[in-house]
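Student: Predicted structure and sequence below. I'll ask about it afterward.
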Amino acid sequence: MEKAQKVFESMMENDFCSQWLGIKPILIEKGHCILQMEVRKEMLNGFGTLHGGMAYSLADSALAFASNSYGRISPLINGNMTYSKSAKIGDVLKAEAKVISLGNKKADTDVVITCEGQEEPFYFFRGTVYRTSKEHAV
């Protein structure tokens, strides 16, 4: 089994937030991951659309799996989200994370979240992680 997949499984085992979100892996490989999530009623805000924190959490999870896929523990130190469209209950979202720069101490990752059946992206996220010297125990 590829290291990226082992890291994903190890992280997901104790990632209760990602589990609660109902995240399903579509693709897990070094520096790249695609996750899927269906918007549920308890994820909505007072306007009947996906709460911004839920969209951020999906993006953060995708970023975490992509940036940790190299094997080094790499927590988020900065993240910025742009909300272009609003998801609604029943929407199936896909978050695609790609590491765009990889250094010894930091890495930058872009995440684009799309909605099944829609052409334009709904959310954009860019984050920076600090790449510790500690390895995932996989």
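Tutor: Structure's in. What do you need? What you see is a predicted model, and the numbers here were worked out from it, not measured in a lab. Numbering: from 1, shown residues only.
Student: Alpha carbons only: can I get stretch 104-119 in PDB?
Tutor: Provided in PDB are the C-alpha atoms of stretch 104-119 (Å, rounded to 0.1, in the frame of the first residue of the first chain):
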ATOM      1  CA  ASN A 104      11.800  21.600   3.900                       C
ATOM      2  CA  LYS A 105       9.900  23.500   6.600                       C
ATOM      3  CA  LYS A 106       6.700  24.700   4.800                       C
ATOM      4  CA  ALA A 107       4.300  23.700   2.100                       C
ATOM      5  CA  ASP A 108       1.500  25.500   0.300                       C
ATOM      6  CA  THR A 109      -1.600  23.700  -0.900                       C
ATOM      7  CA  ASP A 110      -4.600  24.900  -3.000                       C
ATOM      8  CA  VAL A 111      -8.000  23.300  -2.500                       C
ATOM      9  CA  VAL A 112     -10.900  23.800  -4.900                       C
ATOM     10  CA  ILE A 113     -14.400  22.600  -3.900                       C
ATOM     11  CA  THR A 114     -16.900  21.900  -6.600                       C
ATOM     12  CA  CYS A 115     -20.500  20.700  -6.500                       C
ATOM     13  CA  GLU A 116     -21.700  17.700  -8.500                       C
ATOM     14  CA  GLY A 117     -23.600  18.900 -11.500                       C
ATOM     15  CA  GLN A 118     -22.200  22.400 -11.400                       C
ATOM     16  CA  GLU A 119     -19.500  23.800 -13.600                       C
END
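Student: buried sites along that stretch?
Tutor: For stretch 104-119, burial by neighbour count (16 or more other Cβ atoms under 10 Å) applies to 107, 108, 109, 110, 111, 112, 113, 114, 115. The way it works is simple: take the backbone N, C-alpha and C, and place the C-beta from them, glycine included.
Student: chain center to it, what's the gap?
Tutor: Averaging C-alpha positions (Cα atoms, centre = their mean, to the nearest Å) puts stretch 104-119 7 Å from its chain's average.
Student: and what of stretch 19-33?
Tutor: Worked out by Cα atoms, centre = their mean, stretch 19-33 lies 7 Å from the chain centre.
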